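Enquirer: Give me a 3D structure for the following:
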Amino acid sequence: MNVEKTWLYRTLITIVRGIYAVFFGAKATGREHFPTGQNCILLSNHIHAFDPVTLAVFYKANEIHFIAKESIFRNRWLAKFFTQLHAFPVNRGETDMRAMRQAVQVLRDGHVLGIFPEGHRQQDRTVKSIETGVAVIALRSGVPVIPMYISGHYRPFGRLRLTVGPPIPLDDFRAERVDADVLEAVKERIVASLNALKPEGAE
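Expert: Predicted coordinates:
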């Protein structure tokens, strides 16, 4: 794993970590599932613009490279800021080969990749579908794919929770020739793994 320690990333996370604990009542369970000494893909449901921060607060082993929507990079200053935080753009709603190649390269370079596979924030807390590109990246990477589920609310004392699950088993699919049927099966397994982490009665 290529361990990164950049001043901006670490400073911001140190500041917001206290805010999360005090104002959001944020807690995480299942962090023992994070790989030790190995890079990985972190997958999570998507409920709020702060979700990337939530992952970064609780994943302490390394800095995360996030795939982010292309629109936030249209502003020159925002693009510079988010690039320094390791984010890179993807055109949502289409197969963005450039973003997929960059994601695979991030993993080959030993970095940690963060993806919100639904592509958009969802009001319905049940994950129903994910982008096909996520399945392609997961299969090509060969690294552990860690599912996570964010529940609760981003408000004072909102009992924000992050649940981390065990790596999603994909070796059986990686041994096959990748075609449309395999990709659909991988997507279904990822969706099931994410929803299995949803706390009972979560809103």
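Enquirer: in the lowest-mean-pLDDT helix or strand in the chain, what counts as buried?
Expert: Of all helical and strand segments in the chain, the minimum by mean pLDDT, DSSP states H and E falls on strand 88-90, at a mean of 87. Buried residues in strand 88-90, counted by 16 or more other C-beta atoms under 10 Å: 88-90. The C-beta positions use only the backbone N, C-alpha and C, and glycine is treated the same way.
Enquirer: That one packs against which elements?
Expert: strand 64-69, helix 97-108 (3 or more C-beta pairs under 8 Å, 6 or more residues apart in numbering; DSSP states H and E).
Enquirer: Specify the next element, helix or strand, located C-terminal of the last one.
Expert: For helix 97-108, the succeeding helix or strand toward the C-terminus, using DSSP states H and E, is strand 112-115.
Enquirer: Moving C-terminal from that following strand, which element do we reach first?
Expert: helix 132-141.
Enquirer: which other helices and strands contact that following helix?
Expert: If contacts are counted by 3+ C-beta pairs under 8 Å, 6+ apart, helix 132-141 sits against strand 41-44, helix 97-108, strand 112-115, helix 180-195.
Enquirer: Out of the ones you listed, which one sits most buried?
Expert: Of these, the one with the most neighbours on average (mean count of other C-beta atoms under 10 Å) is strand 112-115, at a mean of 26.
Enquirer: hmm, back to that, the least confident helix or strand of the chain pairs with which strands?
Expert: Looking at strand 88-90 with DSSP bridges, its partner strands are strand 64-69 (parallel).
Enquirer: so the strand it pairs with versus helix 97-108, what angle?
Expert: Angular relation of strand 64-69 and helix 97-108 on a 0 to 180 degree scale: 170 degrees, by axes from the mean of the first three to the mean of the last three C-alpha atoms, to 10 degrees.
Enquirer: quick one, strand 64-69 and helix 132-141 angle?
Expert: Going by the same axes, to 10 degrees, strand 64-69 makes 150 degrees with helix 132-141.
Enquirer: and strand 64-69, C-alpha only, in PDB?
Expert: Extracted C-alpha coordinates of strand 64-69, given in PDB (Å, rounded to 0.1, in the frame of the first residue of the first chain):
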ATOM      1  CA  ILE A  64      -8.700   8.200   0.000                       C
ATOM      2  CA  HIS A  65      -8.900   9.000  -3.700                       C
ATOM      3  CA  PHE A  66     -12.500   9.700  -4.400                       C
ATOM      4  CA  ILE A  67     -14.300   9.600  -7.700                       C
ATOM      5  CA  ALA A  68     -16.400  12.800  -7.800                       C
ATOM      6  CA  LYS A  69     -19.000  14.300 -10.100                       C
END
